[in-house]
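Engineer: give me the fold of what follows.
(one chain, ligands or ions: 1)
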Amino acid sequence: MSEPRLKAPRGTFDVLGEQSAVRSALESRARAILEGAGYERIETPVFEATELFARGVGESTDIVRKEMFTFEDPGGRSLTLRPEGTAPVCRAYVEHGMHKRRQPVKLWYLSSFFRHERAQAGRYREFWQVGAEALGSEDPAVDAESITLLAALLAEMGTRELRLRLSSLGTPASRADYRERLKAYLREHEQSLSPDVRSRIDANPLRAFDAEDPGTRGVMQGAPRLLEHLDRSDLEHFAEVRALLDLASVPYEIDDTLVRGLDYYSRTVFEFTSDALGAQSGVGGGGRYDGLVEQLGGPPTPGIGWAAGVERILLAGTPPPAPAPVLELFVAMHSTGRELRQAAFGLLAEARSAGLTAQMELGGRSLKGQLNLANALGARFVAIVGDGVSTLKDMQGTEQQEIPTSTVVHAVLRGHHTL
Ligand code: AMP
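Structural biologist: Down below sits the predicted model:
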């Protein structure tokens, strides 16, 4: 009796073949764009102390309330698989004293994240994000640059029907008055709100703008708008961000209902959506988080960043084809047998040491089968290894020569140079 087959857990996926090629293309485009703009790649651990997210994402957010994969390690510490990248990057900024470096410190990542959400098309429990964070400057040019870089990446990835929504949340201090006003308004309409929104009137009233139930949406249409209650310096900052985006010809719409899910945002917030995506239309978004580093025990440090979902980018676009890998030499064997296998393996190792891309026959094929395989792999040269000598075939021409196996690598290298 055979054992039952095992499957990948719900909401997770394997990355295979074509998918892995388009992901590589995305990674190399992201690297070129972000590193070209002075961003350095950062890797943080897959799990962190649960407290980092409780403090850095916010107790009242959906992520912390119901979406985290949290577990206790054998030492009794509470750990959480990272649900997002900004808090870990800020933790690393503080831990490594990056405030002493030249500011702003610009960091980018391409990593997997974990959220226990209802799995559906475009929404997974392990998913990938490309993200960028710039810490240490509140200059509106950092906001505009950050948004422009994501716009450039999405354009290069061929993202269809893209829209950029933009708003400003002011600073937590400047929105304190507004929060009270909004809370009062929500209480007045409490009976029409969803239980979830009602339970968060005090902790996170702004989240009511994100609610999907018709009752709450109806109430929110008449709600006071934060953009109308910003103070002067917030308004000036926002106006400058918009002016710089105009200069860079990045189109956007002002959306005064955009609040973003996380607690830490201040001033600029933005979101790219693709109408080609259906229900899960968010491609990427972010904003400024000037109080976050301090909240994590660091010095007062402004910051801004974004994260974009890799799967959503790939669903919403036609990425540019990745260049096919080049195979310079395929090592075939005249016949099977230990001695020829050793000679072929020796040649394979020598070719790779000389910097050639090379593969050898590994599946016990007939000579004809090996030549078909070399053809399918697009090999530039094939060496058919015999006893001390090899037949070297130029797969782009008709030429073929019999030479000592010890001179094959040299001949392939020379053949390349004469092309
Ligand atoms: P957020 O960190 O929630 O602002 O998400 C940023 C981007 O990550 C979103 O716009 C999506 O593209 C992507 N994303 C967030 N959650 C998921 C998920 N569960 N599955 C796939 N992509 C996601």
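Engineer: ok, how many other residues are close to R101?
Structural biologist: 12 (other Cβ atoms under 10 Å). In short, each C-beta sits where N, CA and C put it, glycine included.
Engineer: ok, it - contacts?
Structural biologist: With contacts defined as Cβ atoms under 8 Å, 6 or more residues apart in numbering, R101 has no neighbours.
Engineer: show me what the closest residue to the ligand within the chain is bridged to.
Structural biologist: Per Cβ to the nearest ligand atom, G309 is where the chain lies closest to the ligand, at 2.4 Å. As for beta bridges, G309 partners with Q129 under DSSP bridges.
Engineer: who's in contact with it?
Structural biologist: Contacts of G309 were listed using Cβ under 8 Å, 6+ apart, and they are G122, F127, W128, Q129, G282, V283, G284.
Engineer: how about the residues of the stretch 1-150 of the chain by the ligand?
Structural biologist: Counting by Cβ under 6 Å from any ligand atom, the positions of the stretch 1-150 of the chain adjacent to the ligand are E84, R115, E117, R123, Y124, F127, Q129.
Engineer: tell me the one of the residues you listed nearest E228?
Structural biologist: E84 (29.7 Å; Cβ to Cβ).
Engineer: three-state assignment of V382?
Structural biologist: Three-state assignment for V382 (DSSP: H, G, I helix; E, B strand; the rest coil): strand.
Engineer: is it true that it touches L329?
Structural biologist: Yes - judged on Cβ atoms under 8 Å, V382 makes contact with L329 at a distance of 7.5 Å.
Engineer: between those two, which one's more packed in?
Structural biologist: Between V382 and L329, counting by other Cβ under 10 Å, L329 is the more crowded of the two (27 against 23).
Engineer: skip the chain neighbours and tell me the closest residue to R10.
Structural biologist: Nearest residue to R10, sequence neighbours excluded (Cβ to Cβ, 6 or more residues apart in numbering): A119, at 5.4 Å.
Engineer: sorry, wrong one. I was asking about D202.
Structural biologist: The spatially closest residue to D202, leaving aside those adjacent along the chain, is K183, at 6.8 Å (Cβ to Cβ, 6+ apart).
Engineer: in which helix or strand does the one you found reside?
Structural biologist: helix 176-188 (DSSP states H and E).
Engineer: can you point out the buried residues in that helix?
Structural biologist: Using 16 or more other Cβ atoms under 10 Å as the test for burial, helix 176-188 gives Y178, R179, R181, L182, Y185, L186.
Engineer: only C-alpha atoms, please: export it in CSV.
Structural biologist: The C-alpha coordinates for helix 176-188 follow below in CSV (Å, rounded to 0.1, in the frame of the first residue of the first chain):
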residue,chain,number,x,y,z
ALA,A,176,-5.1,64.1,17.1
ASP,A,177,-7.9,66.7,16.8
TYR,A,178,-9.1,65.1,13.6
ARG,A,179,-9.2,61.6,15.3
GLU,A,180,-11.4,63.0,18.0
ARG,A,181,-13.7,64.5,15.4
LEU,A,182,-13.8,61.2,13.5
LYS,A,183,-14.5,59.2,16.6
ALA,A,184,-17.4,61.4,17.5
TYR,A,185,-18.8,61.1,14.0
LEU,A,186,-18.4,57.3,14.1
ARG,A,187,-20.1,57.1,17.5
GLU,A,188,-23.0,59.1,16.1
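Engineer: shouldn't L34 be in contact with A134?
Structural biologist: No - look at L34 against A134 with Cβ under 8 Å: they stay out of range, at 10.5 Å.
Engineer: who touches both of those two?
Structural biologist: Each of K106 lies in contact with both L34 and A134 under the rule Cβ under 8 Å, 6+ apart.
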